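S.K.: structure here, sequence nowhere to be found:
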């Protein structure tokens with residue numbers, strides 16, 4: 001008996017169905033999430049002191065207090081709920097409680113929350129909404145334990161997306177990018193580090209040059225005063241103008257150095273911290289790819305056995 005081994009032509013799909021988000025109180029609207037304050041709280045007899053961060057959500061009018069550990073728990077749950085979404089990074093854990101450190105940490109946590117607010121998928125998380133809305137800390141932590149114990153699916157149909165579907169069309173450029181994603185992110189890390197170090201040098205050298213310009217301005221001012229004493233008004237006005245220009249140039253150089261270091265340097269430091277988030281996605285993709293190859297190989301073996309029989 002002849003068996004026709006010709007397989008029917010399969011239709012190439014560019015979109016695949018997924019679970020769609022169930023909108024929450026913060027979905028499909030612009031919300032501002034911000035850490036507005038931090039306070040060191042005394043621990044109990046068997047617990048250490050901790051920091052409580054005040055978070056506001058506008059225009060919802062929510063205001064809650066959260067421990068730093070709550071932020072890390074939130075990220076871990078979001079990563080499990082949305083394995084296909086790039087989860088914003090968090091700074092490394094620390095036990096420091098100085099005011100300078102807490103002010104910096106407030107900005108870092110705010111940046112984390114702001115990045116989350118740009119994703120409709122992440123905003124649909126009930127865990128996130130609880131994090132932002134439930135005022136009673138014990139009630140919040142009790143609700144959080146449910147999400148920590150929940151097992152989340154990773155198949156395409158179980159993924160939660162904004163429109164209930166996801167693109168599955170693979171092209172050569174996408175394959176190259178995904179295959180070399182780790183190399184790309186490593187290269188970015190190196191370049192970011194070099195740029196950040198350069199901005200630090202710019203700040204230091206700008207500060208030195210600014211100091212020199214300020215000194216020049218002082219000397220010119222003194223020279224102008226000498227001319228004023230001997231009633232040489234035109235020279236007095238000239239040196240006064242040069243002194244003012246030198247001082248202004250010094251101020252501009254100092255501000256320019258700060259601009260490069262604080263804004264460009266800080267911006268790139270944050271993107272450097274995203275490196276681990278990209279690695280998480282890359283690792284997941286590789287796991288899915290290997291699982292696909294394994295099942296594809298198994299399917300081919302079964303077909304071969306069927307044809308031989």
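M.R.: Nice, thanks for sending it over. Since this is a predicted model, take the numbers as computed values, not measurements. Numbering: from 1, shown residues only.

S.K.: all helices for the stretch 51-200 of the chain, in order.
M.R.: The residue ranges that make up the helices of the stretch 51-200 of the chain, judged by DSSP state H, counting those that start in this stretch, are 68-81, 99-116, 120-123, 126-133, 137-149, 172-179, 181-229.

S.K.: quick one: the first one to helix 99-116, angle?
M.R.: Meaning helix 68-81. If you take axes from the mean of the first three to the mean of the last three CA atoms, to 10 degrees, helix 68-81 sits at 20 degrees to helix 99-116.

S.K.: kindly report the same for the fifth one.
M.R.: Helix 137-149 and helix 99-116 are oriented at 50 degrees to each other (the same axes, to 10 degrees).

S.K.: buried sites along stretch 159-169?
M.R.: When burial is assessed from 16 or more other CB atoms under 10 Å, stretch 159-169 yields the following buried residues: 159, 160, 161, 162. All C-beta atoms are positioned from the backbone trio N, CA, C, and that covers glycine.

S.K.: the third one touches residue 19, doesn't it?
M.R.: Yes. The pair residue 161 / residue 19 is scored as a contact, 7.4 Å apart, by CB atoms under 8 Å.

S.K.: sorry, back to before: with distance to residue 153 added, can I get the buried residues of stretch 159-169 in a markdown table?
M.R.: As requested, the buried residues of stretch 159-169 are exported to a markdown table (distance: CB to CB, whole Å):
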| residue | distance to residue 153 |
| --- | --- |
| 159 | 8 |
| 160 | 10 |
| 161 | 13 |
| 162 | 18 |
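
S.K.: out of the residues you listed, flag the one nearest to residue 60.
M.R.: The nearest member of the buried residues of stretch 159-169 to residue 60, counting by CB to CB, is residue 162 at 19.9 Å.

S.K.: number of residues surrounding the closest residue to the closest one other than its chain neighbours?
M.R.: The spatial neighbour of residue 162 that comes closest, neighbours along the chain excluded (CB to CB, 6 or more residues apart in numbering), is residue 120 at 4.4 Å. One way to gauge burial is a neighbour count; for residue 120, by other CB atoms under 10 Å, it gives 16.

S.K.: re the thing from before, closest one to residue 298 among the helices of the stretch 51-200 of the chain?
M.R.: Shortest distance between residue 298 and the helices of the stretch 51-200 of the chain, using CB to CB, is found for helix 172-179: 22.8 Å.

S.K.: how about the helices of the stretch 51-200 of the chain, which one is nearest residue 34?
M.R.: Taking CB to CB as the criterion, helix 99-116 is the member of the helices of the stretch 51-200 of the chain that comes nearest to residue 34, at 5.2 Å.

S.K.: in that closest one, what's buried?
M.R.: Using 16+ other CB under 10 Å, the residues of helix 99-116 that count as buried are 102, 105, 106, 108, 109, 110, 111, 112, 113, 115, 116.

S.K.: hmm, who's touching stretch 16-30?
M.R.: Taking CB atoms under 8 Å, 6 or more residues apart in numbering as the criterion, the residues outside stretch 16-30 that touch it are 57, 59-60, 117, 120-121, 123-126, 128-129, 132-133, 156-168.

S.K.: correction: the previous question concerned stretch 206-225.
M.R.: By CB under 8 Å, 6+ apart, the list of residues contacting stretch 206-225 from outside reads 235-240, 242-247, 249-251, 253-254, 256-258, 260.

S.K.: quick one: average pLDDT of it?
M.R.: Looking at stretch 206-225 alone, the average pLDDT works out to 95.

S.K.: still on that earlier bit, how about the residue nearest to residue 162, what does it touch?
M.R.: When contacts are counted by CB under 8 Å, 6+ apart, residue 120 touches 21, 27, 28, 162.

S.K.: return the member of those residues nearest to residue 138.
M.R.: When the contacts of residue 120 are compared for distance to residue 138 (CB to CB), residue 27 comes out closest, at 27.1 Å.

S.K.: so that closest one, which of the three states?
M.R.: Residue 27 falls in the coil class when you classify it by DSSP: H, G, I helix; E, B strand; the rest coil.

S.K.: just list the residues touching the residue nearest to it when sequence neighbours are not counted, thanks.
M.R.: Ranked by CB to CB, 6+ apart and with sequence neighbours excluded, the top spatial neighbour of residue 27 is residue 123, at 5.0 Å. Applying CB under 8 Å, 6+ apart, one finds that residue 123 lies in contact with 24, 26, 27, 31, 116, 117.

S.K.: can you redo the residues you listed as a markdown table with pLDDT and distance to residue 148?
M.R.: Written out in a markdown table, the entries for the contacts of residue 123 read as follows (pLDDT from 0 to 100; distance: CB to CB, whole Å):
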| residue | pLDDT | distance to residue 148 |
| --- | --- | --- |
| 24 | 97 | 19 |
| 26 | 97 | 21 |
| 27 | 96 | 23 |
| 31 | 97 | 25 |
| 116 | 96 | 18 |
| 117 | 96 | 23 |
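
S.K.: now the residue nearest to residue 27: how far from residue 29?
M.R.: Residue 123 sits 9 Å away from residue 29, taking CB to CB, to the nearest Å as the criterion.
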